[in-house]
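Asks: sequence and predicted structure are below.
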Amino acid sequence: MRVHDFYLGRQPIMDRKQALYGYELLFRSAPVGPPVIESDLSATAAVIAHVAQLGLERVIGDSPGFVIVDAAVLMSDIFVFLPREQVVLEIVGSMKATPAVLGRMAELAGHGFKFALDACGAEADDGQGMLPLIDFVTMDAHLTPIETVHRLAPRF
């Protein structure tokens, strides 16, 4: 895939004071027509490949870049190309905290990676085992009711 055949988006991530903290990196392929959302390992691999091609500093500057990962991506060796000090692995809400997932997260954390947890996925008890390994909790401020924020805040 050539550079002009994709869109690499960056969605701003704001801190609790509404200041820019970093960017969630999103990949959309566009060989013909409107962008098509990729998923799972292929989308994450595309984000990593194209960020490397464009240069991370050109994409996000000095800000952290959040890359969405599911269990398949987490178990892969795709992360060797990412600068650990600038990339945060964002856990999808549907990921179960299995012993294999927790072991892999601990291994990657030992190599300097940080993790974010989507607060929507944190509603389930499945994500509870991940909390000791989580550095950030994310939520969509436009889609999350304030009551949910108040309910989840003490947990995190």
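Replies: Great, that's in hand. Residues are numbered from 1 along each chain as shown.
Asks: burial check on Thr148, number of neighbours?
Replies: For Thr148, the tally of surrounding residues (other Cβ atoms under 10 Å) stands at 14. To be clear about C-beta, it is placed using only N, CA and C from the backbone, and glycine gets the same treatment.
Asks: if you could redo that for Ala116, that was the one I meant.
Replies: Here the number of neighbours of Ala116 (other Cβ under 10 Å) works out to 22.
Asks: report the backbone C-alpha coordinates of stretch 93-103 in PDB.
Replies: Provided in PDB are the C-alpha atoms of stretch 93-103 (Å, rounded to 0.1, in the frame of the first residue of the first chain):
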ATOM      1  CA  GLY A  93     -13.200  -2.700  26.100                       C
ATOM      2  CA  SER A  94     -14.000  -6.200  25.000                       C
ATOM      3  CA  MET A  95     -10.700  -7.800  26.000                       C
ATOM      4  CA  LYS A  96     -10.900 -10.300  28.800                       C
ATOM      5  CA  ALA A  97      -8.300 -10.300  31.500                       C
ATOM      6  CA  THR A  98      -7.100 -13.900  30.900                       C
ATOM      7  CA  PRO A  99      -3.900 -15.100  32.500                       C
ATOM      8  CA  ALA A 100      -2.200 -15.000  29.000                       C
ATOM      9  CA  VAL A 101      -3.300 -11.400  28.500                       C
ATOM     10  CA  LEU A 102      -2.200 -10.300  31.900                       C
ATOM     11  CA  GLY A 103       1.100 -12.100  31.500                       C
END
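Asks: buried ones in that stretch, by neighbour count?
Replies: Using 16 or more other Cβ atoms under 10 Å as the test for burial, stretch 93-103 gives Gly93, Met95, Ala97, Val101.
Asks: which among those gets closest to Leu26?
Replies: Within the set of the buried residues of stretch 93-103, Gly93 lies nearest Leu26; the separation is 16.1 Å, counting by Cβ to Cβ.
Asks: what segments of this structure are strands?
Replies: Along the chain, the segments classed as strands by DSSP state E run 6-14, 20-29, 36-37, 65-69, 87-91, 114-118, 136-138.
Asks: list the pairing partners of the second one within its sheet, with orientation.
Replies: Using DSSP bridges, strand 20-29 pairs in its sheet with strand 6-14 (antiparallel), strand 36-37 (antiparallel), strand 65-69 (parallel).
Asks: now it and strand 87-91, what's the angle there?
Replies: Following axes from the mean of the first three to the mean of the last three Cα atoms, to 10 degrees, one obtains 70 degrees for the angle between strand 20-29 and strand 87-91.
Asks: right, I'll leave it there.
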